[in-house]
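[1] no letters, just coordinates:
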């Protein structure tokens, strides 16, 4: 076994690898960029080496510097994590040439499976069924257009060297193909340095099921069952689970053996994932997802009963690609097998045989992973940046199977900044239960206890997905999010009355706590009390608030008597008693009429962030004096919705434009985003040029809006 390794990555995967290495008494070396100088993964390792600038090309993609760092620190091996250099054939070769072990497959396997087109040709020769498409080397745009027309729309354009949804577009018609192809190629060259693409028929209502495989240097291979990754947005995974609902033992074996055959064909070593597009079976039976532990876990037909529900069963499967690295979603496999896949990677890379045979592997229960990302789901999942002013997580363990069933893999801490330079993922929340139903309930509860303030996240959106009809009943396919859109987006689960009651209760509690503090002489001045006490009669206090973009006045009436004062809160036309009390864990038990909730409330300036079991929301406490004279923006300004780079402008000064017309393309967090005209008008001035870096809110262009 190694005594020291270098981790050529950042964030949660670097922390994840460091944790297993520490448990095995292996020293670790971190690498970092300017943006990551104080990052969590740097503190998690025994040593750290500076690489360069914040952009990946100036730091985490500089493999020559990474190899120099490994040699300088005496590391024997390099773990690439995922992303960056993890599937870079040249880097794997350079490690071997430098006498370092690359903790991953040999360069030849990366080459064989790294390009989607070539890997599909290899699988075709091996007899694995492929989705109809074009996987050739000729990248002439006219030929690609012809091939797409031949295949029939909708088609999927996919970057041959890529992954993670980058360089990928669904094209619905021939007219939209050229623009989509150009965008894919730009994104592919920026992300992977290779703009080659392939074209495939877009399978309707597909499921995305992948098989975890492992190989060693002695020629042994196993599959560690499957993961269903069908819930996606922008072709990127949102929720993953294992085992796949509706999977029969026979189909699991067929897919597992096909995945092992793919790995064996390229003499694969280490952890890899073979991904399949799976059609829904024509006759979907009523099935029960078993909660048992054992290699035969799958689904069995039921004639009825309360445990039965409709689950789309697995039909024909087609090879999609092989990821020659550890996957982001590997924790769900660890949860259902009780294994540490990073430990397996380290043991195999050091020359040891696989720890277990196929017949020794068993499935135990059900696991689900949610990717918590800095993004705004209600604004087309636009990436967000900012500081984690509050980063509250549910009770959990890390990097191992959680005894209480909740695990968090994270590479950030409260106070850290999510920058525009890297992926938007903040953390991975993994739950494990005896049954899928138990795992679902545990996931919703864990998300409810995830409190993030300082930037937009998808936490509430994830709660909506988990509790949606399609996901709850395992009616899974890659179209789940658009199909359930009405239940997933722009959902307010708390409401103005409870949000206002929480804000008022928090204000009163804060004021009471402050007035209870003695002065420098240790005396409590009764005239400094802010509880609204009067010798007789009621007192009324107005709170100006803004909720969901609308201003409201909330009236608090305090009734004084011989005992403790009683309070009535008027919200809109309704008035009800207000009750509140602090709890031992710092929350507020708030009641307004028949509504009652345990509330965690965090103030950031005027904005109160309210978290409850029902959901989370924001309410603004308006200070009329502070906001007097504020400008509300000028018509015709078009600003950058996030920090990033201007890729191109589709217009020039003087052009007439229509509402919704594409004006500019920005690149942020390795994804392209189109800026559209908010109304009809005329372009007055372009304020930046393609290639310019812009800050969040920077004015990109001005336009004169038509009357």
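    Alright, I've got the coordinates. Please read these numbers as outputs of a predicted model, since none were measured by experiment. Numbering: from 1, shown residues only.

[2] center of the protein - which residue?
    With distances taken as C-alpha atoms, centre = their mean, the residue of the chain nearest its centroid is residue 371 (3.4 Å).

[3] surely that residue is in contact with residue 237?
    Yes. Counting by C-beta atoms under 8 Å, residue 371 touches residue 237, with 6.7 Å between them. In short, each C-beta sits where N, CA and C put it, glycine included.

[4] for the residue nearest to the centre of the chain, list each beta-bridge partner.
    Bridge pairing for residue 371 (DSSP bridges) gives the partners residue 428.

[5] from residue 394, how far out is it?
    Per C-beta to C-beta, to the nearest Å, residue 371 is found 16 Å from residue 394.

[6] and what of residue 210?
    27 Å.

[7] who has more neighbours, those two?
    residue 210 (27 against 17; other C-beta atoms under 10 Å).

[8] which pLDDT value goes with that one?
    We have a pLDDT of 97 for residue 210.

[9] which element is the residue lying closest to it once chain neighbours are set aside on?
    Using C-beta to C-beta, 6 or more residues apart in numbering and skipping residues adjacent in sequence, the residue nearest residue 210 is residue 275, 4.4 Å away. Element membership for residue 275, per DSSP states H and E: strand 270-280.

[10] neighbouring strands - and their directions - for that strand?
    strand 207-215 (antiparallel), strand 314-323 (antiparallel).

[11] so which of those is nearest residue 430?
    strand 207-215 (14.8 Å; C-beta to C-beta).

[12] can you tell me which helix in this protein is longest?
    As assigned by DSSP state H, the longest helix anywhere in the chain is helix 496-515.

[13] helices or strands next to that one in the packing?
    strand 538-547, strand 550-559, strand 566-571, strand 574-582, strand 588-592, strand 595-604, strand 607-611, strand 616-621 (3 or more C-beta pairs under 8 Å, 6 or more residues apart in numbering; DSSP states H and E).

[14] out of these, which gets nearest to residue 461?
    strand 616-621 (10.8 Å).

[15] tell me how far the closest one lies from the chain's centre.
    Computed by C-alpha atoms, centre = their mean, to the nearest Å, the chain-centroid distance of strand 616-621 equals 24 Å.

[16] average pLDDT across stretch 600-609?
    Mean per-residue pLDDT for stretch 600-609: 92.

[17] which parts of that stretch are buried?
    Within stretch 600-609, the residues that qualify as buried are 600-602, 608-609, counting by 16 or more other C-beta atoms under 10 Å.

[18] now do the same end-to-end measure for it.
    Taking C-alpha to C-alpha, to the nearest Å, the first and last residues of stretch 600-609 lie 8 Å apart.

[19] what residues does that stretch touch?
    389-390, 392, 451, 453-454, 499, 502-503, 506, 586-588, 610-612, 616, 618-623, 626 (C-beta atoms under 8 Å, 6 or more residues apart in numbering).

[20] tell me the helices and strands packed up against the one helix or strand residue 67 maps to.
    Using DSSP H and E, residue 67 maps to helix 63-73. Counting contacts by 3+ C-beta pairs under 8 Å, 6+ apart, helix 63-73 packs against strand 4-7, strand 27-33, strand 47-52, strand 77-79, helix 89-97.

[21] got the angle between the longest one and helix 63-73?
    Regarding helix 89-97 and helix 63-73, their directions subtend 20 degrees when assessed with axes from the mean of the first three to the mean of the last three C-alpha atoms, to 10 degrees.

[22] cool, and the second one?
    An angle of 140 degrees separates the directions of strand 27-33 and helix 63-73 when computed by the same axes, to 10 degrees.

[23] how close does the residue nearest to the centre of the chain get to residue 557?
    Taken as C-beta to C-beta, the span from residue 371 to residue 557 is 46 Å.

[24] what segments of the stretch 201-350 of the chain are strands?
    In the stretch 201-350 of the chain, the segments counted as strands under DSSP state E, counting those that start in this stretch are 207-215, 221-233, 236-242, 270-280, 286-289, 299-301, 309-310, 314-323.

[25] between these, which one is nearest to residue 361?
    Nearest to residue 361 among the strands of the stretch 201-350 of the chain is strand 221-233 (6.2 Å), distances taken as C-beta to C-beta.

[26] who are the packing partners of the closest one?
    The contact analysis (3+ C-beta pairs under 8 Å, 6+ apart) places strand 221-233 against strand 207-215, strand 236-242, helix 249-265, helix 330-337, helix 480-483.

[27] out of these, which comes closest to residue 35?
    strand 236-242 (21.9 Å).

[28] pLDDT on the closest one, on average?
    Mean predicted lDDT for strand 236-242 stands at 96.

[29] also stretch 665-674?
    pLDDT averaged over stretch 665-674 gives 71.

[30] name the residues that touch stretch 541-556?
    Applying C-beta under 8 Å, 6+ apart, the external contacts of stretch 541-556 come out as 492, 496, 499-500, 503-504, 507, 532, 540, 557-558, 567-572, 578, 617, 619-624.

[31] picking that back up, worst mean pLDDT among the strands paired with strand 270-280?
    strand 314-323 (a mean of 84).

[32] how about that strand: buried residues?
    When burial is assessed from 16+ other C-beta under 10 Å, strand 314-323 yields the following buried residues: 314-315, 317-323.

[33] next: stretch 656-664.
    Those would be 657, 663-664, for stretch 656-664 by 16+ other C-beta under 10 Å.

[34] endpoint to endpoint, it covers what distance?
    One end of stretch 656-664 to the other measures 14 Å (C-alpha to C-alpha).

[35] quick one on the thing from earlier: other residues contacting the helix holding residue 67?
    4, 6, 8, 29, 31, 47, 49, 51-52, 75, 78, 85, 88, 90-91, 94-95, 98, 100.

[36] quick one on the thing from earlier: quick check: angle from the longest helix of the chain to strand 616-621?
    Helix 496-515 runs at 60 degrees relative to strand 616-621, counting by the same axes, to 10 degrees.

[37] any idea of the mean pLDDT in helix 496-515?
    Helix 496-515 shows a mean pLDDT of 92.

[38] what lies in contact with it?
    Outside helix 496-515, the residues that touch it by C-beta under 8 Å, 6+ apart are 524, 528-531, 543, 545, 547-548, 552, 554, 556, 569, 571-572, 574, 576, 578, 580, 582, 588, 590-593, 595, 597, 599, 601, 603, 608, 610, 612, 614, 617-619, 621.
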